[in-house]
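Novice: quick check, what structure comes out for this input:
(one chain, ligands or ions: 2)
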Amino acid sequence: MNQKIDNRLELRNIRPTAMRQLVYDVLDKNKKALSLYEIEQQFEDVDRSTIFRTLKTFQDNYLIHSIDDGTGAVKYALCDEECTCQPDDLHIHFLCTKCGQTNCLKNMPVPKMDLPQGFSFESANFVIKGICSICRK
Ligand SMILES: [Zn+2]
Ligand SMILES: [Zn+2]
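Specialist: Ligands and ions are numbered 1, 2, ... in the order given. Prediction:
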C-alpha cells in the first residue's frame, strides 16, 4: 500500500494494518466529514464494528476528529498533522442543509473559550449551517 498513509499512521503511533490503511484512504479521498454509514458504503464485505473500532483507534490518537453537526449521525474527518484536538486546535464546521455534507473550515478556529470558574472543557461543536458552493451553482 501507500507509504504516505503508513507514515501518517505511524506518526500517530498507529500500527498500519490493511484495514486502517483503507479507512484512512477513504477519509483522505473524500475531503469532507463522513459518517460511519457513509464509510461503510465504501466497503463491500467489512463489518461495521470493525470500521468503528478503526475509527476509535484513529480518534484516540488524534488522527481524526468527530463532529456532531446536529444531523444525528456523528461524522469523522482527518486532523491536521500537528493537531492534538485541544481547544486551540478546534475549527468550525459547515453543514450544507441541501446536500447534508459537512466540511471542515480549518481556517476558522473556534472562538476562544472563557469558561466560568469551576467549569471544565470536554468537547465543542461549532457548526454553521448554510448552502455549500456546489449546491449554490
Ligand atoms: Zn451542499
Ligand atoms: Zn474538522
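Novice: which secondary structure elements does the one helix or strand residue 39 maps to contact?
Specialist: Counting by DSSP states H and E, the element that carries residue 39 is helix 36-40. For helix 36-40, the packing partners by 3 or more Cβ pairs under 8 Å, 6 or more residues apart in numbering; DSSP states H and E come out as helix 18-30, helix 48-60, strand 75-78. All C-beta spots, glycine's among them, are computed from the backbone N, C-alpha and C.
Novice: contacting residues around the second one?
Specialist: Right, the one you point to is helix 48-60. Here helix 48-60 makes contact (Cβ atoms under 8 Å, 6 or more residues apart in numbering) with 12, 14, 19-20, 23-24, 36, 39-40, 43, 64-66, 76.
Novice: same check on stretch 96-106?
Specialist: Applying Cβ under 8 Å, 6+ apart, the external contacts of stretch 96-106 come out as 32-33, 67, 69, 71, 75, 77, 80, 91-95, 127-132, 134-135.
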